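Peer 1: Here is a sequence together with a model predicted from it:
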Amino acid sequence: MDHPIANSLLRAHLQTVKRISGTTYPLLLQQAGLERYLTQLPPLDEEPACSAEEYSRLPAAVLAMLGEPLTRRFLRNAGAALVERALRNPAMAAMAAHLSALPAETRLGWFVPQIARMADHTWATTVTAEDAAAYYLITYDCPTCRRLYDLSAPMCGTSSAFYSGIAAALLGRPVRVVEVECRATGSTVCRFAFYK
């Protein structure tokens with residue numbers, strides 16, 4: 001299924017990309033086919049802004065322009081910046097309040113499925129798993145790496161940085177989040193480990 005990317009999510013991504021890319025922003029949007037957002041960002045609502053397929057052209061344009069190492073850094077920086085925006089969302093405040101009422105040892109186990117549900121709704125089909133070492137968030141047909149192939153290492157830095165940052169903010173402690181599988185490196189999914 002090709003998930004629609006909500007206006008508010010695309011807006012946040014575009015604002016972050018503009019801040020990071022500076023004068024290359026118009027060129028990136030043109031190469032991604034998203035130039036309609038050059039003069040006016042999507043509104044702050046949950047209506048569809050574009051398909052995941054259409055969004056996937058943006059990270060591909062960044063990769064074509066910057067190459068693999070700089071794209072990885074670019075995407076990590078974007079994910080970290082998205083945390084700031086997410087923390088202004090009232091749903092995150094409600095999640096933080098709920099987490100604070102839970103025993104500390106159960107918080108991460110509650111948090112990961114909640115974030116997975118949000119990702120499943122706004123990003124791509126997402127499920128969870130668990131083993132002795134970690135909780136896993138597994139994304140099918142990730143919009144970030146849908147058009148990225150044969151890379152040397154996982155590329156979904158936006159997601160890794162976002163998940164790590166939002167977990168630390170809401171849980172009140174650092175959480176190590178690592179992308180252990182990525183479609184851009186030949187896997188069938190993007191799998192993020194939230195280490196216990």
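Peer 2: Yep, that arrived.

Peer 1: who touches the most centrally placed residue in the chain in this structure?
Peer 2: Most central residue of the chain, judged by C-alpha distance to the mean C-alpha position with Cα atoms, centre = their mean, is S159 at 3.2 Å. Contact criterion Cβ atoms under 8 Å, 6 or more residues apart in numbering gives 79, 139, 142, 144, 179, 190, 192 as the residues in contact with S159. The way it works is simple: take the backbone N, C-alpha and C, and place the C-beta from them, glycine included.

Peer 1: where do the strands sit along this protein?
Peer 2: Counting by DSSP state E, the segments of the chain that form strands are 4-6, 48-51, 126-130, 134-140, 177-181, 189-195.

Peer 1: Neighbouring strands - and their directions - for the shortest one?
Peer 2: Partner strands for strand 4-6, per DSSP bridges, with pairing direction: strand 48-51 (antiparallel).

Peer 1: can you give me how far the partner strand is from the chain middle?
Peer 2: Chain-centre distance of strand 48-51: 16 Å, with Cα atoms, centre = their mean, to the nearest Å.

Peer 1: hmm, who's touching it?
Peer 2: Residues from elsewhere that reach strand 48-51, judged by Cβ under 8 Å, 6+ apart: 2-7, 9-11, 34, 42.

Peer 1: again, only using 10 Å
Peer 2: When contacts are defined by Cβ atoms under 10 Å, 6 or more residues apart in numbering, strand 48-51 is touched by residues 2-11, 13-14, 32-34, 36-37, 41-43, 55-58, 143.

Peer 1: Quick check: PyMOL command selecting the buried ones in the residues you listed.
Peer 2: The buried residues among these can be selected in PyMOL (16 or more other Cβ atoms under 10 Å) with this line:
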select buried, resi 3+4+5+6+7+8+9+10+11+13+14+32+34+37+41+42+55+56+57+58+143
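
Peer 1: what sits against A169?
Peer 2: The neighbours of A169, taking Cβ under 10 Å, 6+ apart as the test, are 83-84, 86-87, 92, 96, 175.

Peer 1: Let's see that with 7 Å instead.
Peer 2: Applying Cβ atoms under 7 Å, 6 or more residues apart in numbering, we find A169 in contact with 83, 87.

Peer 1: Return the distance of it relative to Y163.
Peer 2: 11 Å (Cβ to Cβ, to the nearest Å).

Peer 1: just P4 next, same as before
Peer 2: With distances defined as Cβ to Cβ, the gap from P4 to Y163 amounts to 21 Å.
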